[in-house]
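Peer 1: need a structure here:
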Amino acid sequence: MTTISLVKTSDRIDGVRKAIVLLATNPVKGKTVVLKLNFNSGDPFPGSTHNDTLRGIIKTLQAMGAIKVVLAERSGPRDSTRITNYDLGL
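Peer 2: Down below sits the predicted model:
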């Protein structure tokens with residue numbers, strides 16, 4: 001069974017913190033955490049991750065003892081920007 005939490009708020013930073021606290025677990029203490037964001041378009045929320053939501057997640061993970069937070073993203077829906085050794089002439 002998957003546990004979820006739901007918080008209604010106008011303060012994204014505090015809402016993220018409250019939602020994570022409601023889960024009553026800390027799987028990040030002493031670990032590196034990778035976050036997959038949605039920054040691959042100029043669309044406003046909910047089409048892209050809101051900066052305040054990101055800020056709230058990172059601050060909460062740090063407070064929970066994550067030793068490192070890595071932000072993962074890609075440049076778009078295709079691999080059109082993938083660079084290979086061949087493309088570099090190597």
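Peer 1: Low-confidence stretches in the chain?
Peer 2: Along the chain, segments meeting pLDDT under 70 span 40-42, 74-90.
Peer 1: For it, which segments count as helices?
Peer 2: 12-22, 51-63 (DSSP state H).
Peer 1: between these, which one is nearest to V28?
Peer 2: helix 51-63 (5.5 Å; C-beta to C-beta). Yep, even glycine has a C-beta here, placed from its N, CA and C like the rest.
Peer 1: Keeping just the C-alphas, turn the closest one into PDB.
Peer 2: What follows is helix 51-63, C-alpha atoms only, in PDB (Å, rounded to 0.1, in the frame of the first residue of the first chain):
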ATOM      1  CA  ASN A  51       9.900  27.600  -7.700                       C
ATOM      2  CA  ASP A  52       8.300  27.800  -4.200                       C
ATOM      3  CA  THR A  53       7.400  24.100  -4.300                       C
ATOM      4  CA  LEU A  54      11.000  23.300  -5.300                       C
ATOM      5  CA  ARG A  55      12.300  25.600  -2.500                       C
ATOM      6  CA  GLY A  56      10.000  23.900   0.000                       C
ATOM      7  CA  ILE A  57      11.100  20.400  -1.000                       C
ATOM      8  CA  ILE A  58      14.800  21.200  -0.800                       C
ATOM      9  CA  LYS A  59      14.600  23.000   2.500                       C
ATOM     10  CA  THR A  60      12.500  20.100   4.000                       C
ATOM     11  CA  LEU A  61      14.900  17.400   2.700                       C
ATOM     12  CA  GLN A  62      17.800  19.300   4.100                       C
ATOM     13  CA  ALA A  63      16.100  19.700   7.500                       C
END
